[in-house]
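**Q** build me a model from this:
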Amino acid sequence: MTVHCEGDCRIIEQLGEKQDFESELSRRGFRHEQFTLHVSRAKATARPAHQYDYSVSVAGALTEQQRVYTGGPRQDWVQQFVRDLASGVFGEPTLARR
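**A** Numbers count the residues shown, from 1 in each chain. Next comes the predicted model:
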């Protein structure tokens, strides 16, 4: 089962980041259905380096925690999420690790 995604999901799907996110969940023993993503394009700014940024809101059903990460050319929101996941922000794994 895949993670439910809302908003501008094509952004992270085209970049392969949704798959990376789901792989990290599986690798760390979390069920995909326990997470929801919401992707939003960043508002246009005068700084060209930031015109392709977007935000990814990750909500965890078990802990009811929600975090917003910045994605874009110089951002790695998946790794930011992995750090939070490893520190227990989204609870403990529910699947047996292999």
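
**Q** quick one, helices of this protein?
**A** Ranges of helices in the chain, per DSSP state H, are 10-14, 17-27, 77-86.

**Q** got CSV for those helices, with distance to Ala59 and mean pLDDT too?
**A** In this view, the C-beta of every residue, glycine as well, is placed from N, C-alpha and C. CSV is the format used below for those (distance: least, C-beta to C-beta, whole Å; pLDDT from 0 to 100):
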stretch, distance to Ala59, mean pLDDT
helix 10-14, 15, 95
helix 17-27, 13, 97
helix 77-86, 12, 97
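
**Q** for those helices, which one sits closest to Tyr52?
**A** Using C-beta to C-beta as the measure, helix 10-14 is the one of the helices of the chain that comes nearest Tyr52, at 9.0 Å.

**Q** how far out from the middle of the chain is that closest one?
**A** 12 Å (C-alpha atoms, centre = their mean, to the nearest Å).

**Q** in it, which residues are buried?
**A** Buried residues in helix 10-14, counting neighbours by 16 or more other C-beta atoms under 10 Å, are found at 11-12.

**Q** now for it, which elements pack on it?
**A** Packed against helix 10-14, as judged by 3 or more C-beta pairs under 8 Å, 6 or more residues apart in numbering; DSSP states H and E, are the following elements: helix 17-27, strand 35-41, strand 54-60.

**Q** give me the contact list for that helix.
**A** Contacts with helix 10-14, where a contact means C-beta atoms under 8 Å, 6 or more residues apart in numbering, come from 5, 18-19, 21, 37, 39, 41, 54, 56, 71.

**Q** now list the buried members of the residues you listed.
**A** Of all the contacts of helix 10-14 considered here, the ones buried according to neighbour count by 16+ other C-beta under 10 Å are 5, 18, 21, 37, 39, 54, 56, 71.

**Q** wait, Phe90 touches Thr63, no?
**A** Yes: at 5.6 Å, Phe90 counts as touching Thr63 under the criterion of C-beta atoms under 8 Å.

**Q** between the two, which one's more packed in?
**A** The residue with more neighbours, out of Phe90 and Thr63, is Phe90; 25 against 13, by other C-beta atoms under 10 Å.

**Q** now the more buried one: phi and psi?
**A** With angles defined as degrees, to the nearest 10, Phe90 shows backbone torsions of phi -100, psi 20.
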